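1. Give me a 3D structure for the following:
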Amino acid sequence: MMINSQFKELDPVAKMAQLKKQYGKKAEFLSKENFPFNAFDDKWTLNGLGNNGQFIDLTWLHNSLLSLDDQIILRLTLAGMARRLAWGSLDAMAYSLRNIELSELTVAVFKDIWPTLSDHIKRKLNQFLIGLCAYDKKHFKALHQWRSNLVIGKSSPKIYDPEKGALSDLENQAFNVTMNQRSAAIIERGFESTHNGENQGLSLFSGFRIFLAARFMQILARRPSNLIQLKWSDINPDASIFIDQEQALFSDDDELKVRMFKAKRGGQFRQLPEGEPLILNNAISKEVLHYRNGYLNMLIKSLSAQDISLSDEELHRIFQCLPVFFTDALFKTKFSDKTELFKAVSENGTGFHMDKSLTSSINNFFYSLNIVSERVGDNFRVGNNRIRHTVGTNANRDNIHLNIIAKILGNTPMSAQVYVDLSDETRVLIDQNFIANDFLAKAFSTSVSSLMQSGEIAIEDDFGDAFGKSKGIKQCTGCQRSKPLGCYGCDNFSALASGDHRSQRVKAQRIYDFRINTGDAPQALLELKKQIRYIDATIIACDQVLQQQSTLENNDDH
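-> The predicted structure is shown next:
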């Protein structure tokens, strides 16, 4: 294809206008979600998520090194791919193309730049090359042959990385406690504005929206791309929207259930529901109902301010079509009447659903929790991948079958296999990353039932019950911690296998619960939480020692 030289003299706006005229209907496309766009527009709106929809920006092409012919081919290739690819995939592809500074769409240029690219960029570029070769098989025959022989490495998930992988038990416990505290604080504060600003109430409610999205990510182990698809019709009970959450009682059989939609397989919005609903426990169900009631009140107040009155049936019908995680535009848009309102939302439409901003909002919320980690200090972060790695890792540690792990994570057994197929080296890494293993190796390096040697003292409680021994008098007598509770986790302490360590576990948990209930922050109780974990590890190890001794005694009897 050769473009007339007259195009070269035109500015970008005039140039695109001429191309639209020249190509006519051939430049008009529908996105995967049936949003119309023209290939020669600089911005293609491909769906209705967010306040203004999600769009691809191709303005950068005007300043690229590509000839006008190649720019046209690139635009038409991407436009054709937009008919079957979700916005996220196409946006990532366009971003990659923008940053590799292509000069020509030739096999020679791609060969030159390929070694300099990361595996992530290579995967995106490979996807574009497939579309490019399909656009014109004859013209790009050599490119197709070269691409067919490429070997692209798969991304390696850092499942056990201290900063990006699964949370340790202590980190996970601190995370859970902090989330529960934040929930209580938000609910106690409420959504009513104490200021004159008309948007203050919406701001407070929007904060709860992000908390609940983070809670769903934590409990349901689903990605933001799953969560943004949720409508109120996906959360039962749906018989009445005027339920009083204070009177809502739950049992194991009637806790709230959530219908979740898949996101990665093709990216179709609300077209691929998972096979089974996900169940929310009692406490989380009450959070959802509290949020639901606040949502309804906000909606009714917003419509009343516009003199729009709905019957109970109409309100129920419109509410079922609204997104669980909304954009603020929902409560700021002015509708002329109820007809316009009903046109703005639909059973499977994207109107007023949050877009990728939900991901950054959740990450910012997690960062605001200020959770302290015993492994990485101030660099501790929680996010979607860490939560999913934690769930998958814990399920594997509990010997849960691969198919069940896949169902828990909402992915395929092939994807979940990474949590099961662990090399010996990886298992060693797990042991190094999780708390208490080093302590156990030292505490049980000698027989726990051996008699005390010179220089050692017994560790007892106030009633004379023995729990172990201290291997050094100086270190022990100078310690200010209460005994025996403060001894767990100390290198100087060897546990007695037959000691009643479970009683100390109960005592430590009682102290922790009391201090949490009286307002202490979880960060202030990390040392106590460590001791609880050490006691748990001690109990397991002592049980193993006693079991081994029992086995040896039985063998001697025979």
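2. quick one, phi/psi of the residue nearest to residue 337 when sequence neighbours are not counted?
-> Of all residues not flanking residue 337 in the chain, residue 308 sits nearest, at 6.6 Å (Cβ to Cβ, 6 or more residues apart in numbering). From N, CA and C alone the C-beta is placed, and that goes for glycine too. With angles defined as degrees, to the nearest 10, residue 308 sits at phi -110, psi 120.
3. From residue 500, how far off is residue 308?
-> 67 Å (Cβ to Cβ, to the nearest Å).
4. Just to check, the residue nearest to residue 337 is in contact with residue 341?
-> Yes: shown here, residue 308 and residue 341 form a contact pair, counting by Cβ atoms under 8 Å, at 6.5 Å.
5. Spit out the residues that contact those two alike.
-> Shared contacts of residue 308 and residue 341, defined by Cβ atoms under 8 Å, 6 or more residues apart in numbering, comprise residue 335.
6. Just the buried residues of stretch 368-381, please?
-> Neighbour-count burial for stretch 368-381 flags 369, 371, 372, 373, 374, 380 (criterion: 16 or more other Cβ atoms under 10 Å).
7. That one - what's its average pLDDT?
-> In this model, stretch 368-381 has a mean pLDDT of 79.
8. Identify all contacting residues around that stretch.
-> 162-163, 168, 170-171, 174-175, 178-179, 182, 363, 366-367, 382, 433, 435, 522-523, 526, 530.
9. who's in contact with the most centrally placed residue in the chain?
-> By Cα atoms, centre = their mean, the chain has its centre lying nearest to residue 384, at 2.1 Å. Residues counted as contacts of residue 384 (Cβ under 8 Å, 6+ apart) are 217, 223, 224, 359, 362.
10. For the fourth one, grab the count of nearby residues.
-> Look at residue 359: counted by other Cβ atoms under 10 Å, it has 19 neighbours.
11. Do you know the pLDDT at the closest residue to residue 357 other than its chain neighbours?
-> Using Cβ to Cβ, 6+ apart and skipping the chain neighbours, the partner closest in space to residue 357 is residue 50 (6.5 Å). At residue 50, the predicted lDDT confidence score is 82.
12. same deal with residue 88?
-> pLDDT, residue 88: 83.
13. re the thing from before, so the residue nearest to residue 357 sits in a strand?
-> No: applying DSSP: H, G, I helix; E, B strand; the rest coil, one finds residue 50 to be coil, outside a strand.
14. For it, the count of nearby residues, please.
-> Taking other Cβ under 10 Å as the definition, residue 50 ends up with a neighbour count of 19.
15. my guess is it meets residue 354, correct?
-> Yes: Residue 50 is within contact range of residue 354, at 6.5 Å (criterion: Cβ under 8 Å).
16. Show me whatever sits in contact with both of the two.
-> residue 327.
17. Can you tell me which of the contacts of stretch 368-381 end up in helices?
-> 170-171, 174-175, 178-179, 182, 363, 366-367, 433, 526, 530 (DSSP state H).
18. Which of those scores worst on pLDDT?
-> residue 433 (45).
19. quick one on the thing from earlier: in PyMOL, select just the buried ones from the ones in helices among the contacts of stretch 368-381.
-> This is the PyMOL syntax for the buried subset of the ones in helices among the contacts of stretch 368-381, where burial follows 16+ other Cβ under 10 Å:
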select buried, resi 170+171+174+175+178+179+182+363+366+433+526+530
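20. Output the ones in helices among the contacts of stretch 368-381 in a markdown table; the columns should cover distance to residue 490.
-> Shown next, in a markdown table, are these (distance: Cβ to Cβ, whole Å):
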| residue | distance to residue 490 |
| --- | --- |
| 170 | 17 |
| 171 | 22 |
| 174 | 22 |
| 175 | 26 |
| 178 | 27 |
| 179 | 31 |
| 182 | 33 |
| 363 | 37 |
| 366 | 33 |
| 367 | 34 |
| 433 | 21 |
| 526 | 16 |
| 530 | 11 |
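21. ok, residue 207 - contacts?
-> Contacts for residue 207 (Cβ under 8 Å, 6+ apart) come out as residue 186.
22. so which helix or strand takes in it?
-> helix 200-220 (DSSP states H and E).
23. average model confidence for that helix?
-> The average pLDDT within helix 200-220 is 90.
24. Quick check: what element follows that helix along the chain?
-> Next helix or strand after helix 200-220 toward the C-terminus (DSSP H and E): helix 224-227.
25. Report the buried residues of the helix holding residue 207.
-> For helix 200-220, using 16+ other Cβ under 10 Å, the buried residues are 201-202, 204-220.
26. Stretch 339-351 too?
-> Within stretch 339-351, the residues that count as buried by 16+ other Cβ under 10 Å are 341, 344, 345, 349, 350, 351.
27. about what we covered before: of residue 308 and residue 500, who's got more company?
-> More crowded of residue 308 and residue 500, by other Cβ under 10 Å: residue 308, with 18 against 14.
28. Now for that one: which residues touch it?
-> By Cβ under 8 Å, 6+ apart, the contact set of residue 308 is 335, 337, 338, 341.
29. at 10 Å what do you get?
-> 300, 302, 314, 334, 335, 336, 337, 338, 339, 340, 341 (Cβ atoms under 10 Å, 6 or more residues apart in numbering).
30. again with residue 303
-> By Cβ under 10 Å, 6+ apart, residue 303 lies in contact with 309, 310, 315, 318, 331, 335, 338, 341.
31. and the fifth one, how many residues sit next to it?
-> Counted with other Cβ under 10 Å, residues neighbouring residue 331 total 20.
32. could you pull out the strands for this structure?
-> Taking DSSP state E to define them, one finds strands in the chain at 28-30, 36-38, 43-45, 55-57, 257-258, 278-279, 457-460, 466-470, 493-495.
33. want to try TSV for those, with distance to residue 13 as columns?
-> Converted to TSV, the strands of the chain look like this (distance: least, Cβ to Cβ, whole Å):
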stretch	distance to residue 13
strand 28-30	19
strand 36-38	13
strand 43-45	13
strand 55-57	15
strand 257-258	47
strand 278-279	49
strand 457-460	82
strand 466-470	80
strand 493-495	77
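34. deepest of the ones you listed, which one?
-> Comparing the strands of the chain on average neighbours per residue, with mean count of other Cβ atoms under 10 Å, the densest one is strand 493-495 at a mean of 25.
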